[in-house]
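K.L.:
next input, structure requested:
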Amino acid sequence: METKHISHFISNNSTEFFGLLPDGDVVQSCKLQNKNGIELQVITFGAALASLKIPLEKGGNADVVLGFDTLADYLSSFDLDGAPYFGATVGRYAGRIAKGVFTLNEKKIQLAKNNGENALHGGLQGFSQKVWEIIATTQGDNPSVTLKLLSPDNDENFPGALTVEVKYTLSEENELIIEYKATTTEDTIINLTHHSYFNLDGHKSSTTDQELVINSRRMLETRADNIPTGSITDVKGGLFDFNMPKKCPTSIDNTFVLEQNEEFAACLSSNKNNLKMTVYTDQPAVHIYVGGNCGDNLKGKDNVNYHALSGICFETQNFPDAPNHKNFPTPILKKEAIYQHKTIYKFQSI
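P.N.:
Below you'll find the predicted structure:
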């Protein structure tokens, strides 16, 4: 992607008022722009990525993530049957936990069931519905914004007071870098992820003509309610073998196992905009999701009607329901240990 200079550009980040919650809490918006003209907007509600505008070779730009223009729309989206979690930071535990139950240090812990009989994405009011605090911004090369959240002991019944930071950086190599750090006052479980729906043709389009590669040979076997059985299956030659480019699926909600020696996790390409996004992560899995409950009443940015094929999620994370499977990577964060997680979304012309 060629470097683009923007003559009217003065400062590469700014923080401004985005909206008020019913309880009077202020939600802010922060914009960053790198020297190549990529611009992102992060809001403090859910530490969510609200927009990500990528300059195109043919001119103009594409906003490649789904989102809303107003805080009211973000709030009301969580009342929908199947909340979309647009752009949100998901925690304390991303993905599903069977029957909302797990055992830690020989103590049985019951979480709220907010996805049928199971717990999903941190419970009734997970990190995606909290107001985060902006604690740092940087300008110049590789501009960034860092947000912080304190999740108190027994928040959604999770043990330990958890202090979380998430840092968004726009690199001069056209990477969106997301870094997470967390500490706890007691042993707890944690699994943080980013929940943007990407569309390289722009958020007004469909993903159906874009090509997907998932750099994984194995996936988690799941029951009908998407809870892992504990078995890990080979994808070779099957419906979920995306090791060679295929058109984006119309429905997928599956966790793919990543090998740490592999170069990348997944890749999405658009021939229309000559744009490619490659996903890198240090996490053991990427959960790919397309085909949510986006009904006719779901209007996004620019008054666009979003639908089930408007975007695709690359949720880099630990395995869903890991607390209940000894053969899965441990989700336990020990008291005074440090949780760290890094994911990169790199954009290039093709």
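
K.L.:
stretch 171-181: how far from the chain's middle?
P.N.:
Taking the mean of its C-alpha atoms, stretch 171-181 sits 13 Å from the chain's own mean (C-alpha atoms, centre = their mean, to the nearest Å).

K.L.:
show me which positions of that stretch end up buried.
P.N.:
171, 174-181 (16 or more other C-beta atoms under 10 Å). Heads up, the C-betas are built off the backbone N, CA and C, glycines and all.

K.L.:
nearest to residue 96 among these?
P.N.:
Closest approach between the buried residues of stretch 171-181 and residue 96, by C-beta to C-beta: residue 180, at 19.8 Å.

K.L.:
now do the contacts for the spatially closest residue to the closest one that is not a sequence neighbour.
P.N.:
Nearest non-adjacent residue to residue 180, counting by C-beta to C-beta, 6 or more residues apart in numbering: residue 341, 4.2 Å away. Neighbour list for residue 341: 179-180, 192, 281-283, 316 [criterion: C-beta atoms under 8 Å, 6 or more residues apart in numbering].

K.L.:
likewise for residue 348?
P.N.:
Residue 348 makes contacts with 1, 174, 275-276, 278, as judged by C-beta under 8 Å, 6+ apart.

K.L.:
got a pLDDT number for it?
P.N.:
Looking at residue 348, its pLDDT is 97.

K.L.:
swap in residue 12?
P.N.:
For residue 12, the model assigns a pLDDT of 44.

K.L.:
do the same with the one 5 residues further on
P.N.:
At residue 17, the pLDDT value in this model is 96.

K.L.:
that one contacts residue 30, doesn't it?
P.N.:
No: in this structure residue 17 lies outside contact range of residue 30 using C-beta atoms under 8 Å: 11.2 Å.

K.L.:
for the two, indicate the residue with more neighbours.
P.N.:
Using other C-beta atoms under 10 Å, the more surrounded residue of residue 17 and residue 30 is residue 30, with 23 against 10.

K.L.:
following the strand or helix carrying that one, which helix or strand comes up?
P.N.:
Using DSSP states H and E, the element containing residue 30 is strand 26-33. Note on strand 26-33: by DSSP H and E, the next helix or strand toward the C-terminus is strand 39-43.

K.L.:
so what secondary structure elements neighbour the helix or strand that that following strand is followed by?
P.N.:
Moving toward the C-terminus from strand 39-43, the first helix or strand encountered (DSSP H and E) is strand 48-55. In terms of contacts (3 or more C-beta pairs under 8 Å, 6 or more residues apart in numbering; DSSP states H and E), strand 48-55 is packed against strand 39-43, strand 61-63.

K.L.:
quick one, strands of the stretch 51-200 of the chain?
P.N.:
61-63, 88-90, 96-97, 101-104, 107-110, 119-120, 133-138, 144-151, 162-170, 175-184, 188-189, 193-195, 197-198 (DSSP state E, counting those that start in this stretch).

K.L.:
may I ask which helix or strand of the protein has the lowest mean pLDDT?
P.N.:
When each helix and strand of the chain is scored by mean pLDDT, DSSP states H and E, strand 13-20 comes last, with a mean of 89.

K.L.:
packing partners for that one?
P.N.:
strand 26-33, helix 71-77, strand 133-138.

K.L.:
got the angle for that strand vs strand 39-43?
P.N.:
Calculated by axes from the mean of the first three to the mean of the last three C-alpha atoms, to 10 degrees, strand 13-20 forms an angle of 40 degrees with strand 39-43.

K.L.:
each with direction, which strands does strand 13-20 pair with?
P.N.:
strand 26-33 (antiparallel) (DSSP bridges).

K.L.:
please spell out which residues along the strand it pairs with are buried.
P.N.:
Within strand 26-33, the residues that qualify as buried are 27-33, counting by 16+ other C-beta under 10 Å.

K.L.:
remind me which residues of this protein are low pLDDT?
P.N.:
Filtered on pLDDT under 70, the chain yields the residue ranges 1-13, 292-297.

K.L.:
make sure residue 323 is indeed in a strand.
P.N.:
No: Residue 323 sits outside any strand when classified using DSSP: H, G, I helix; E, B strand; the rest coil, being helix.

K.L.:
who are the neighbours in contact with it?
P.N.:
Neighbours of residue 323 in contact, by C-beta under 8 Å, 6+ apart: 93, 97, 102-104, 189, 331-332.

K.L.:
run the last query once more with 7 Å
P.N.:
Listed by C-beta atoms under 7 Å, 6 or more residues apart in numbering, the contact set of residue 323 reads 97, 102, 189, 331.

K.L.:
pull the number of nearby residues for the third one.
P.N.:
Spelled out, it's residue 189. If you count neighbours by other C-beta under 10 Å, residue 189 ends up with 22.

K.L.:
since that was my last question, I'll sign off now.
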